[in-house]
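Peer 1: Provided below are the primary sequence and the corresponding predicted coordinates.
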Amino acid sequence: MTDDDSVTATPATTPAPEPADAAAGFTPEQPPAAPRPASRRLLRAGAATVAAALVGVVIGVGIIKTRYDDPAPAAAGPTGAPAPTATPTPYGAKSNGSHFGSLRDLLLPVPAGFEPGPDEGGYGNDTEIGAGQISDELDAELQQVPKDKRDKLRSYWEGLHVKGTGVRTYRNDGNNLVVGLRLRQFNQQEVQRINEYTAVFTGDTGIFRSGPQIPGHPEAHCYLMPAPPSAPIDYLECSAAEGDLLVVMSVEGVAPLPKDKIVGLFTLQLDRLASPGASA
C-alpha cells in the first residue's frame, strides 16, 4: 500500500512533444478568421459568471480548517550508509492528493501545434501568483462588498489556506484558438466542493450549453457560454478537481470549436496532475 509520502516522479525538464500530442488531436488548422481582441469580453463574461457562482459557495458554506502536509521528505538511507545521491523529484503529487513543487512546473508545457498565448489580464502568459499577492487583490475587491459579507468572505478565504495560482496561455498554430489554463491550489475539501458546485450551477440553471466529456476524468466537466447559432466566436470552460488543485481551462476561438483538441489538451493537463494510482 502506498503511504501519504509517496510521490509521482516527474522529470525536471520536459522533453520535446511526444507522438501522444498528435494523437490527442493537436494538428494545425487554417482558420476562416482569427479571434479579435474585442472577443476577450466573452472570456471575461464567462469568468464573471462562474465567479458569481463561487460567491454563493463562499457565503453559503462553513469554514474548513485543514493543515497542508509538508512536501514529501527525502527518504533516509540505512544507518551508516552513504546518503542517496538521486536528484529529488522537483514536483508531483503525493498519494493523499496534495501537490508539491512549482505550479509552473505542474502546468502543461506548450504542446505540439500550439505556441505561447496572449497575456491573461496583467499576469502575463506564463506565471505563478503567490498567496500574498492574491490576498492583497482580494482585499481591494472586498472594498466593493457590504461589510457584513466582506467579513464572511475574508474568514472563508483564511480557511482555504490558499498557496497560489499558476497561469499559462496557449494559441494554436492556425491562430484561431486561444486557451488559458489555471491551477488554483488550496484546501482539498473546498477544491472538491467548489468543483461540484460549479458543475451543478452550470448544469442546472439552463444558462449554459453542455460541453464535451473528458474520458477517464469523471470529476471534470465542460460547458459553453450561451451564444446564438450564427455567432462567429465561441467560448468554452472546463473545470476539474485534482487533489488540492482546482484546474480551470478557458477556451475562445472561431466557431465551431474543435472539441477533440480541447478534450485532448485538458486530458493531458489532468493526467500530468494525477495522484499515484489515480489514472492508468
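Peer 2: Perfect, I can see it now.
Peer 1: can you tell me the helix or strand for the residue lying closest to Val145 once chain neighbours are set aside?
Peer 2: Distances taken as C-beta to C-beta, 6 or more residues apart in numbering place Leu153 nearest to Val145, at 6.5 Å, with adjacent residues excluded. Heads up, the C-betas are built off the backbone N, CA and C, glycines and all. Using DSSP states H and E, Leu153 sits in helix 147-160.
Peer 1: related to what we said a few turns ago, count the neighbours of the residue nearest to Val145 for me.
Peer 2: Leu153 has 16 neighbouring residues, counting by other C-beta atoms under 10 Å.
Peer 1: Which residue ranges of the chain form helices?
Peer 2: Along the chain, the segments classed as helices by DSSP state H run 19-23, 40-60, 103-106, 131-142, 147-160, 188-204, 259-273.
Peer 1: got CSV for the ones you listed, with distance to Pro226 too?
Peer 2: Written out in CSV, the entries for the helices of the chain read as follows (distance: least, C-beta to C-beta, whole Å):
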stretch, distance to Pro226
helix 19-23, 32
helix 40-60, 10
helix 103-106, 31
helix 131-142, 26
helix 147-160, 28
helix 188-204, 11
helix 259-273, 17
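Peer 1: Just send those helices back as TSV, with mean pLDDT too.
Peer 2: Listed next are these as TSV, based on pLDDT from 0 to 100:
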stretch	mean pLDDT
helix 19-23	38
helix 40-60	41
helix 103-106	96
helix 131-142	85
helix 147-160	85
helix 188-204	91
helix 259-273	96
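Peer 1: so which of these comes closest to Gly211?
Peer 2: Evaluated with C-beta to C-beta, these place helix 259-273 nearest to Gly211, the distance being 7.6 Å.
Peer 1: Just the buried residues of that closest one, please?
Peer 2: Of all the residues in helix 259-273, those buried under the rule 16 or more other C-beta atoms under 10 Å are 259, 261-273.
Peer 1: Can you list the helices and strands that it packs against?
Peer 2: helix 19-23, strand 177-185, strand 233-242, strand 245-254 (3 or more C-beta pairs under 8 Å, 6 or more residues apart in numbering; DSSP states H and E).
Peer 1: quick check: angle from it to strand 245-254?
Peer 2: Between helix 259-273 and strand 245-254, the angle formed by their directions is 160 degrees, by axes from the mean of the first three to the mean of the last three C-alpha atoms, to 10 degrees.
Peer 1: Convert helix 259-273 to PDB, retaining C-alpha atoms only.
Peer 2: Extracted as PDB, the C-alpha positions of helix 259-273 are listed here (Å, rounded to 0.1, in the frame of the first residue of the first chain):
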ATOM      1  CA  LYS A 259     -13.800  19.900 -29.200                       C
ATOM      2  CA  ASP A 260     -11.500  16.900 -29.900                       C
ATOM      3  CA  LYS A 261      -8.400  19.200 -29.400                       C
ATOM      4  CA  ILE A 262      -9.900  20.800 -26.300                       C
ATOM      5  CA  VAL A 263     -10.600  17.400 -24.800                       C
ATOM      6  CA  GLY A 264      -7.100  16.200 -25.700                       C
ATOM      7  CA  LEU A 265      -5.400  19.300 -24.100                       C
ATOM      8  CA  PHE A 266      -7.400  19.100 -20.900                       C
ATOM      9  CA  THR A 267      -6.800  15.400 -20.600                       C
ATOM     10  CA  LEU A 268      -3.000  15.900 -20.900                       C
ATOM     11  CA  GLN A 269      -3.200  18.500 -18.100                       C
ATOM     12  CA  LEU A 270      -5.200  16.300 -15.800                       C
ATOM     13  CA  ASP A 271      -3.000  13.300 -16.400                       C
ATOM     14  CA  ARG A 272       0.000  15.400 -15.500                       C
ATOM     15  CA  LEU A 273      -1.500  16.200 -12.100                       C
END
